[in-house]
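Asks: pasted the sequence and its predicted model underneath.
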Amino acid sequence: MSALHVPAGSTPSGVVLPDDLDPFHRRLHRIAPAGLVGDTTQTTGMRRVEAISGKSVGARNLWMGQTHVPASTNSANHHHGASETAIYVVSGSPAFVFLDLEGDEPVETRIQTGPGDYVFVPPFVPHREENPDPDVEAVVVIARTTQEAIVVNLESLSWDGVG
């Protein structure tokens with residue numbers, strides 16, 4: 001098999017790479033469930049564990065982990081700064097609550113989810129997770145567009161003081 005030459009600054013598929021990145025000497029990282037780390041910013045009523053981050057694998061633009069909300073528990077209100085957040089529901093039936101500002105008056109709105117659902121949380125949107133199930137913990141996988149878990153805990157879902 002002949003050696004493949006990659007021109008400086010791009011991959012065979014044409015993806016442009018930063019000058020300081022050598023694609024041939026980078027490695028993949030496996031994080032087993034036992035390797036998840038709880039040393040990340042927390043919000044009352046939930047437990048976040050980190051898998052992929054700048055600290056764990058040297059990620060530059062991504063944070064990924066899990067959130068666990070016990071049965072019959074609501075998290076505190078919070079937002080994730082300038083980071084976009086994607087959520088995948090693994091188990092349980094969590095609700096995601098936010099203030100809908102589209103009408104004449106802000107309305108507290110609940111998005112009810114179940115396993116297999118995805119939720120998108122735009123930057124700076126105050127929200128909380130609720131787990132109304134009396135018996136089943138809610139578990140979700142989270143991906144964020146930052147290398148660290150930005151969490152700003154809030155007193156309410158109001159946009160006062162956000163930004």
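Replies: Sure thing, it's come through. Numbers count the residues shown, from 1 in each chain.
Asks: all strands of this protein, in order?
Replies: All strands of the chain, identified by DSSP state E, fall at 47-52, 63-69, 73-74, 77-79, 85-91, 95-100, 107-112, 118-121, 127-131, 138-144, 152-154.
Asks: could you dump those to a markdown table with mean pLDDT and mean neighbour count?
Replies: Every residue, glycine included, has its C-beta placed from N, CA and C. Listed next are these as a markdown table, based on pLDDT from 0 to 100; neighbours: other CB atoms under 10 Å:
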| stretch | mean pLDDT | mean neighbour count |
| --- | --- | --- |
| strand 47-52 | 94 | 19 |
| strand 63-69 | 95 | 21 |
| strand 73-74 | 96 | 18 |
| strand 77-79 | 94 | 22 |
| strand 85-91 | 97 | 17 |
| strand 95-100 | 96 | 17 |
| strand 107-112 | 96 | 12 |
| strand 118-121 | 98 | 14 |
| strand 127-131 | 97 | 22 |
| strand 138-144 | 97 | 21 |
| strand 152-154 | 90 | 16 |
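Asks: dump these into TSV; add distance to Ala32 as well.
Replies: Output for the strands of the chain, formatted as TSV (distance: least, CB to CB, whole Å):
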stretch	distance to Ala32
strand 47-52	9
strand 63-69	13
strand 73-74	27
strand 77-79	28
strand 85-91	16
strand 95-100	28
strand 107-112	31
strand 118-121	24
strand 127-131	25
strand 138-144	15
strand 152-154	30
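Asks: and the gap between Ile150 and Pro106?
Replies: 23 Å (CB to CB, to the nearest Å).
Asks: who's more crowded, those two?
Replies: Neighbours per residue (other CB atoms under 10 Å) separate Ile150 from Pro106, with Ile150 holding more: 18 against 14.
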